[in-house]
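Student: Predicted model and sequence follow; I will ask about them next.
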Amino acid sequence: MKLPLFPLTVFGAILMASGALHAAKQAPGPERPPAPTLLAQCAAPFRDNAVLQQKIKLPVWGTSLPQAKVTVVFDTQTKTTAADKDGNWRVVLDPMDAVKLKSVNDSPVGKVMKIVCEKDGSKAVKKLNNLVMGDVWLCAGQSNMAGRMKRAGHPKNYPPNSVNNANYPALRHLTPNKESWQVCSPETSVWISRVSFFFARRVQRDALVPMGLMVTAVGGSNIESWLNQPPYPTGGNYTKLLSPWVGYSIRGAIWYQGESNEKDGRGYQPKLESLITGWRKVWSQGDFPVHFVQLPGIGKSTTENPAGGDGRAEIRQAYFETLALKNTGMAVTIDVGAVSEHPPNKYDVGVRLARSVLQKVYGFKDLTCCPLYTKHVIKKNAVYISFDNTKSGLMIAKKKGFTPPKPTSGAKLQWLSIQAKDGSWHWADGKIDGSQLVVTGKNVSNPIAVRYAYTQHPVGCLLYNKDGQPVGPFSTIGYGPKPIEKKP
């Protein structure tokens, strides 16, 4: 009996399909979800040593077998649900309070979360150990956020004994590649990003609350890779690194990114606004606080251009204008820049973020953060500039290393310019009058605008409040006219 002849194309297709099926069975692939089990598989942030967000509802979710009965037991609460047809389950715990710490070295007693899954007479119990209630902060961005304490062995990178003294049991951090939260110790602190470490340490010192840091940052990443809503396409870093954490209850977020978008200038503002509003939307926690770092100086600025506007001037203005969004804050870092892309001093960056958060989120109203321009008044040949956070007064000072800026009596404030009525810009003189800056210019009788530190890398004698916080760069006319595009 003759076998039927298959066309070559059909035979080839059968072989290809068979090979593909075999390959699929052999290689699970990084994107394939694990096979469902009765034992609960919790969402990425639910791991041993976790910090759980206090004072708000606490979603807990994961997978089990389809239609399994799932019971979550934590502290005095018991919540029960059923997994859906795909095995997904979710419960919401009622708000709980954190125990107030006695000091940053206090070790709160951890609790166990038990997740019991039952189906067809079988039971599987998952336990998450050493969990504490506290405040969780999402820390994201690119390399200046990612840079770890481990890489900071040189004394220029942080104050002495920062690592040796890092015995902070109530400070914990999680990164996407870790299987559990790491409890901060001299051994584990070297893996924490420097900015988030100094941020959390300062917040914890004043607020006396356990702190959880969820750190996801990628060197060289642009802001587009972290966006998640129109008109921008969803970014790869958002999908891969952030989306598994979405919905985990948090206190807020800190953001240090922009170097890869430096050339966007004013175009960075709508992207940063989209990032903040987009993350808030998917988290469903309302307008949670987002505080960000205004880029430091890099390279060198010329003294031949009093109009400024070069280098990072416009992207810094973009950060400033994003503060119009509710529950945002900014750390100014123009005085801790460097010639290279990675200025070593992340200590002051973290502390300034912390001061902003402590004042605006935790209610420490007597604590000042970086002063920012609020308004100006022109009187004859002088422009009177007002700022927030200057109730202690202003000073001209110079900063070196981690020590507070040192007042420079009689020194001229650098990088201050004034615009005449004819549109020309001139270097200006600045006189401190309590909490105001009075700006005048030689031979400028009818000034119309003032700019300060509106350049790539302002160095030297700069403006601070008397608490040592740098005044942010400003332009009383915003970005100024849009640059004229040269036709090819």
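Tutor: Everything's here; your move. Just so it is clear, the structure is predicted and the values come from calculations on it, not from any experiment.

Student: so how far is Arg47 from Ala68?
Tutor: 21 Å (C-beta to C-beta, to the nearest Å). C-beta coordinates here come from the backbone N, C-alpha and C atoms, glycine included.

Student: Kindly report the same for Asp388.
Tutor: From Asp388 across to Arg47, the span is 40 Å (C-beta to C-beta).

Student: buried stuff in stretch 87-105?
Tutor: Buried residues in stretch 87-105, counted by 16 or more other C-beta atoms under 10 Å: 87, 89-91, 93, 96, 98-99, 101, 104.

Student: Stretch 196-207 too?
Tutor: For stretch 196-207, a neighbour-count test (16+ other C-beta under 10 Å) marks 196-204, 207 as buried.

Student: Could you list the residues in contact with it?
Tutor: Residues outside stretch 196-207 that contact it (C-beta atoms under 8 Å, 6 or more residues apart in numbering): 101, 104, 135, 137, 139, 145, 149, 158, 162, 166, 168, 170-171, 173, 189, 209-211, 213, 215, 254, 346-347, 349-351, 353-355, 357-358, 362, 364, 367.

Student: Among those residues, which lie within helices?
Tutor: With DSSP state H as the criterion, helices contain 145, 347, 349-351, 353-355, 357-358 from among the contacts of stretch 196-207.

Student: Listing request: residues of the stretch 101-250 of the chain with sub-threshold pLDDT.
Tutor: Confidence mapping of the stretch 101-250 of the chain against pLDDT under 70 gives the ranges 151-154.

Student: Let me know the closest of the buried residues of stretch 196-207 to Gly219.
Tutor: Nearest to Gly219 among the buried residues of stretch 196-207 is Ser196, at 15.1 Å by C-beta to C-beta.

Student: Checking that closest one next. Helix, strand or coil?
Tutor: helix (DSSP: H, G, I helix; E, B strand; the rest coil).

Student: how does this protein divide up, domain by domain?
Tutor: Listed domain ranges for the chain are 41-131, 133-360, 373-475 (source: automatic domain parsing).

Student: Number of residues surrounding the closest residue to Lys346 other than its chain neighbours?
Tutor: Nearest residue to Lys346, sequence neighbours excluded (C-beta to C-beta, 6 or more residues apart in numbering): Arg194, at 3.7 Å. By other C-beta atoms under 10 Å, the residues close to Arg194 number 26.

Student: Over to Trp226?
Tutor: By other C-beta under 10 Å, neighbour count at Trp226 equals 29.

Student: what's the distance between it and Asn261?
Tutor: In terms of C-beta to C-beta, Trp226 sits 11 Å off from Asn261.

Student: Validate this expectation: Thr71 resides in a helix.
Tutor: No. According to three-state DSSP, Thr71 belongs to no helix; its state is strand.

Student: wait, doesn't Gln419 sit right on Asn446?
Tutor: No. Under the criterion of C-beta atoms under 8 Å, Gln419 is not in contact with Asn446, lying 10.0 Å apart.

Student: higher neighbour count, these two?
Tutor: Remark: of Gln419 and Asn446, Gln419 carries more neighbours, 25 against 11, as counted by other C-beta under 10 Å.

Student: number of nearby residues for Leu241?
Tutor: 21.

Student: Could you give the number of residues near the residue nearest to it when sequence neighbours are not counted?
Tutor: Spatially, and ignoring its direct neighbours in sequence, Leu241 is nearest to Thr216 (4.6 Å; C-beta to C-beta, 6+ apart). Thr216 has 23 neighbours, counted by other C-beta under 10 Å.

Student: separation between Thr216 and Gln294?
Tutor: Taking C-beta to C-beta, one finds Thr216 at 21 Å from Gln294.

Student: hang on, the earlier thing: give me the more crowded residue out of Ala68 and Arg47.
Tutor: Taking other C-beta under 10 Å, Ala68 and Arg47 do not tie; Ala68 has more neighbours (25 against 16).

Student: Select from the ones in helices among the contacts of stretch 196-207 the one having the most neighbours.
Tutor: Each of the ones in helices among the contacts of stretch 196-207 was scored by neighbours using other C-beta under 10 Å; the highest score is Leu353's, at 31 neighbours.

Student: okay, the buried residues of stretch 196-207 in CSV with distance to Val72 next?
Tutor: What follows is the buried residues of stretch 196-207, written out as CSV (distance: C-beta to C-beta, whole Å):
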residue, distance to Val72
Ser196, 29
Phe197, 32
Phe198, 35
Phe199, 31
Ala200, 28
Arg201, 32
Arg202, 34
Val203, 29
Gln204, 28
Ala207, 28
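
Student: what comes up buried for the strand of greatest length in the chain?
Tutor: Longest strand of the chain, by residue count under DSSP state E: strand 122-141. By 16+ other C-beta under 10 Å, the buried positions in strand 122-141 come out as 124, 126, 128, 130-141.

Student: mind listing the strands for the stretch 351-488 of the chain?
Tutor: Assigned by DSSP state E, counting those that start in this stretch, the strands in the stretch 351-488 of the chain fall at 373-379, 382-387, 394-398, 406-407, 416-419, 425-427, 429-433, 436-440, 449-452, 462-465, 474-475.
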